[in-house]
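S.K.: Predicted model and sequence below, questions to follow.
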Amino acid sequence: MDKIALAAGALYVIVLLRAGGTFAVGWLAGSGARRGRFAARTSSAKFRRAERAIQRWGAPVVAVSFLTVGFQTAANFLAGSMRMPLSRYLPALFAGGAAWALIYATAGFGFLKALGRLFAERTAYGVSAVAVLLLVVGVVVVYRRRRAVAVPSPGDAASGES
């Protein structure tokens, strides 16, 4: 069997289990997710944006969310917590998950093959490429954390008034 087909099949199973599990957790949590210790997470800008999109567009938002980074989990959880019917959710999950698996299998193998060739032919460039990639990821993580701390959530302002 072709390596890409095998990888795509494995990734498809993984995404179905992960996204379906996230939907199930959202379904079970229901309105309880908007109270308690998870209230801060579900009231974040990312979750509010995902909720508005799901309310407006429905299942296509769930399918397209698989082509994004970071929005996918929020979309699946909120689709569950908003009790999206399975007859609408499952087709979106199957289509979006298939697209996600194919993209990651093909692009992932291409990236790994190119990186392997770079390490084999020009080791210093390979090490430099990995170092730059790790540096960029680190900068993005630090930037996002500092930005999240600098922007207080609406709930923080209300608790400071009492």
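M.R.: Structure received. Numbers count the residues shown, from 1 in each chain.
S.K.: and the next element down the chain from the longest helix along the chain?
M.R.: Using DSSP state H to define each element, the chain has its longest helix at helix 86-121. Next along the chain after helix 86-121, taking DSSP states H and E as the criterion, comes helix 123-150.
S.K.: That next one packs against which elements?
M.R.: For helix 123-150, the elements it packs on are helix 86-121, judged by 3 or more C-beta pairs under 8 Å, 6 or more residues apart in numbering; DSSP states H and E. In short, each C-beta sits where N, CA and C put it, glycine included.
S.K.: buried set for the helix it packs on?
M.R.: Within helix 86-121, the residues that count as buried by 16 or more other C-beta atoms under 10 Å are 89-90, 92-93, 95-102, 104-105, 118.
S.K.: what's the answer for stretch 130-145, then?
M.R.: Applying 16+ other C-beta under 10 Å to stretch 130-145 flags no residue as buried.
S.K.: average pLDDT for it?
M.R.: Averaged across stretch 130-145, pLDDT comes to 90.
S.K.: any residues touching that stretch, and which ones?
M.R.: Stretch 130-145 has contacts (C-beta atoms under 8 Å, 6 or more residues apart in numbering) with residue 115.
S.K.: For that stretch, list the C-alpha coordinates in CSV.
M.R.: Extracted in CSV, the C-alpha atoms of stretch 130-145 (Å, rounded to 0.1, in the frame of the first residue of the first chain):
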residue,chain,number,x,y,z
VAL,A,130,15.0,23.3,12.2
ALA,A,131,16.5,25.9,14.5
VAL,A,132,14.7,28.7,12.6
LEU,A,133,11.4,26.8,12.7
LEU,A,134,11.7,26.2,16.5
LEU,A,135,12.6,29.9,17.0
VAL,A,136,9.5,31.0,15.0
VAL,A,137,7.2,28.7,17.0
GLY,A,138,8.7,30.0,20.2
VAL,A,139,8.2,33.6,19.2
VAL,A,140,4.6,33.0,18.2
VAL,A,141,3.9,31.2,21.5
VAL,A,142,5.4,34.0,23.6
TYR,A,143,3.6,36.6,21.6
ARG,A,144,0.2,35.0,22.0
ARG,A,145,0.7,34.4,25.7
